[in-house]
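what follows is a predicted structure for the sequence shown.
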Amino acid sequence: MITLVFVDIDFSITLELKHRVSGSITNEGFGVENFRVEWESNLYWYMGDSLGYFIRRTINSDGQYVSLDTSYAIGFEGHEVPTTNQVSYSNGYGEINNMIAPVRSMKGDTLYLTATWFSDTATWGIVLD
């Protein structure tokens, strides 16, 4: 049996908000260790062309940072990013965790998180307020 606990998601902080979804796997009241659960969600987002940049810096003789050059991480245009991890395993107490990471543009949507194990599946709707 999988039991999940959710808390409110606050999009006012950053563009992408990482949130841990926690639950437990039990059998006759005891935690099940190394239980594999596969996850998927209905929401994805797409990267733009630039992932970010790297600045090569050094410290000059006066002890100040000096920027030497900047390299941009490019070539990610159209890369599809899932809003959930794909797989997680329970620990010795039967605890299982999964990270979801919706983005601000998804506010007001419902993220449907699906867990699959062996031949069973369960889906939960998470309203992104």
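Noted; the coordinates are in hand. Residues are numbered from 1 along each chain as shown.

enumerate every residue touching residue 34.
89, 90 (CB atoms under 8 Å, 6 or more residues apart in numbering). Heads up, the C-betas are built off the backbone N, CA and C, glycines and all.

under the pLDDT cut-off, which ranges of this structure? List them.
1-16, 48-53, 72-78 (pLDDT under 70).

if you set the cut-off to 50 instead, what comes out?
Confidence mapping of the chain against pLDDT under 50 gives the ranges 1-7.

how about the strands in it?
2-5, 19-27, 30-31, 36-41, 44-46, 50-59, 65-74, 80-82, 87-89, 95-100, 110-117, 120-127 (DSSP state E).

can you redo those strands as TSV with mean neighbour count?
Formatted as TSV, those follow (neighbours: other CB atoms under 10 Å):
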stretch	mean neighbour count
strand 2-5	13
strand 19-27	17
strand 30-31	13
strand 36-41	17
strand 44-46	13
strand 50-59	10
strand 65-74	10
strand 80-82	12
strand 87-89	14
strand 95-100	18
strand 110-117	16
strand 120-127	13
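
for residue 101, see how far away the spatially closest residue to residue 95 that is not a sequence neighbour is.
Spatial nearest neighbour of residue 95, excluding adjacent residues (CB to CB, 6 or more residues apart in numbering): residue 24 at 5.6 Å. Using CB to CB, to the nearest Å, residue 24 is found at 22 Å from residue 101.

and residue 31, by the same measure?
For residue 31 relative to residue 101 (CB to CB), the value is 26 Å.

again, but for residue 84
Taking CB to CB, one finds residue 84 at 8 Å from residue 101.
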